[in-house]
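> The sequence and its predicted three-dimensional model are supplied below.
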Amino acid sequence: MKVSRLLRLAVPCWALSSFVTSCGSAPSLSSDPAGPIPVSSVAPPKVDVLDPPDRAAAASNSNSAAGSASVSLPGPGAVPAVRFAGAPFPPAKFEPMYKRTAKDDDGTWKPIEEGRLGDRDTIAYATIHPHKIKKWVFVTAIAFDRRYTDLTLLAGTDEPVSESVPKERRPGLIPPAHHGALLSVFNGGFKVRHGDYGMMAAGDVYAPPIDDACTVALDRDGGLHLAPWPQLRGKASRFLWYRQTPPCLVMDGKPNPRLKSEHRTRLWGAAVGGVYDIRRSAIALDPSGRSLLYVFGDWVTAGDLAAALAAMGVKHAAQLDINWSYTRFFLFEQRSGDKPRIKRTLIPKLKFSRNRYVEKPSYRDFFYVTARP
């Protein structure tokens, strides 16, 4: 590893204590402590066996403007669905990790009301407690049904830092064409200076890919990939977007062996002063590929997070951003005759502006989930 990169990783700006708000310019905020998660009383629908996707539709893209920018993104439903014949949603229940710290409902998936589309539940959540002794350490996973939803990556106004992409092509706002289908937003990855991890979106390369990185990517046929970059490099010409992160938390169903030295390498980040049990987030796929998982945990090390993901049965998982305010997950509500607004967050004590991502730009990259027509 280059010395310059080691210095950048040594005391990063984002690595603050979980008790302290993140550094950088402070956004306009409104408090919204997360309360109990409302749950639909209707059981998830029975899975149908659908016909193979129409690959000819893959070339259909929707061009829309966000502000004054000209950004080409796939519209909701433009990329053909991967049908996942026989795969259930939500995923199968997983076993609690430790009897001493587990709660009664650990590993049980419950539908989230904002994901109710017609007669289907398309968003669900489950919680697990990954520490042997500390009962307050938890990890929550939110599952999205990829049969009925799409995932898009968007750059922020400032991050990832790039000298080649002009400001007008990175408004940090979700395109108006996607507003009516918007379900959720969650955070992207580290800043460029905290690891040099690559990102490409809407045809623009913000930072070139590096080999020692986990990568999540969407291809032109709607396939979602998550693996170390060397395994995906040969498919790069077909990617609509990709985002790199520190080395995969989970590899082939097991926690990355390099996590045993996470305190020394600092690859997955830490707070100033060397605190490693902080708020963290990750992205993964369930074994069938039907469920996209966004995962966050409080008071967790990277090793704790990886152990929880492995217990959920994922094959590969990538850590996204960390720290108290950089780990962000929001559910949106549609308002008649108006733009969608953030309805709530499932992350405890997170502050936000309700018009963020739709009217107020994000300066960091982020993912958003839309419903298919």
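Received the coordinates, thanks. Numbering: from 1, shown residues only.

> got any ranges where the stretch 151-300 of the chain has weak pLDDT?
In the predicted model, the stretch 151-300 of the chain carries no residue with pLDDT under 70.

> hey, where'd the strands end up in it?
Taking DSSP state E, counting those that start in this stretch as the criterion, the stretch 151-300 of the chain carries its strands at 182-187, 199-201, 204-207, 214-219, 224-228, 239-245, 250-251, 254-255, 278-285, 291-300.

> wait, which of these is closest to residue 150?
Checking these against residue 150 by Cβ to Cβ gives strand 214-219 as the closest, at 8.8 Å. To be clear about C-beta, it is placed using only N, CA and C from the backbone, and glycine gets the same treatment.

> Which other helices and strands does the closest one contact?
Under the contact definition 3 or more Cβ pairs under 8 Å, 6 or more residues apart in numbering; DSSP states H and E, strand 214-219 sits against strand 149-154, strand 224-228, helix 229-232, strand 239-245, strand 317-322.

> Tell me which of those sits most buried.
The highest mean neighbour count among these, using mean count of other Cβ atoms under 10 Å, belongs to strand 317-322: a mean of 28.

> Residue 304: what's its closest spatial neighbour, skipping adjacent residues?
Excluding the flanking residues, the one nearest residue 304 by Cβ to Cβ, 6 or more residues apart in numbering is residue 130, at 4.6 Å.

> Next one: that neighbour relative to residue 217, how far apart?
Note on residue 130: its distance to residue 217, by Cβ to Cβ, to the nearest Å, is 27 Å.

> closest one to residue 139 among the helices and strands packed on strand 214-219?
Proximity to residue 139 (Cβ to Cβ) singles out strand 317-322 among these, at 11.2 Å.

> Quick one: list the elements packing against that closest one.
If you count contacts as 3+ Cβ pairs under 8 Å, 6+ apart, strand 317-322 packs onto strand 182-187, strand 214-219, strand 239-245, strand 278-285, helix 302-311.

> Contacts for the second one, please.
Right, the one you point to is strand 214-219. Residues outside strand 214-219 that contact it (Cβ atoms under 8 Å, 6 or more residues apart in numbering) are 79, 151-153, 198, 209, 224-229, 232, 235-236, 238-249, 283, 316-319.

> hmm, try it at 6 Å
Residues from elsewhere that reach strand 214-219 (Cβ atoms under 6 Å, 6 or more residues apart in numbering): 224-226, 228-229, 232, 238-245, 247-248, 283, 318.

> Run the angle between that strand and strand 239-245 for me.
Per axes from the mean of the first three to the mean of the last three Cα atoms, to 10 degrees, the angle that strand 214-219 makes with strand 239-245 is 170 degrees.

> re the thing from before, which one of residue 130 and residue 217 is surrounded by more residues?
Each of residue 130 and residue 217 has its neighbours counted (other Cβ atoms under 10 Å); residue 130 has more, 27 against 23.

> which SSE is the more buried one in?
Element membership for residue 130 (DSSP states H and E) is empty, with no helix or strand holding it.

> re earlier: could you export the helices and strands packed on strand 214-219 as TSV, including distance to residue 166?
Listed next are those as TSV, based on distance: least, Cβ to Cβ, whole Å:
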stretch	distance to residue 166
strand 149-154	16
strand 224-228	28
helix 229-232	26
strand 239-245	18
strand 317-322	25
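
> How much space separates the nearest residue to residue 341 once chain neighbours are set aside from residue 208?
The shortest distance from residue 341 to any non-neighbouring residue, by Cβ to Cβ, 6+ apart, is to residue 354 (4.6 Å). With distances taken as Cβ to Cβ, residue 354 is found 36 Å from residue 208.

> The two - which one has more neighbours?
Neighbours were counted for residue 354 and for residue 208 using other Cβ under 10 Å; residue 354 has more, 17 against 11.

> Look at that one and tell me its secondary structure.
coil (DSSP: H, G, I helix; E, B strand; the rest coil).

> Touching, it and residue 342? I think so.
Yes - counting by Cβ atoms under 6 Å, residue 354 touches residue 342, with 4.7 Å between them.

> residues shared between the contacts of these two?
Common neighbours of residue 354 and residue 342 (Cβ under 6 Å, 6+ apart) do not exist.

> Got phi/psi on the residue lying closest to residue 343 once chain neighbours are set aside?
Residue nearest to residue 343 in three dimensions, not counting chain neighbours: residue 333, with 4.0 Å by Cβ to Cβ, 6+ apart. Phi and psi for residue 333, reported as degrees, to the nearest 10, are phi -120, psi 140.

> So in terms of bridging, what pairs with residue 333?
residue 341 (DSSP bridges).

> what about it, distance to residue 150?
19 Å.

> do residue 110 as well
For residue 110 relative to residue 150 (Cβ to Cβ), the value is 23 Å.

> I'd assumed residue 187 was in contact with residue 321.
Yes - look at residue 321 against residue 187 with Cβ under 6 Å: they come within range, at 4.7 Å.
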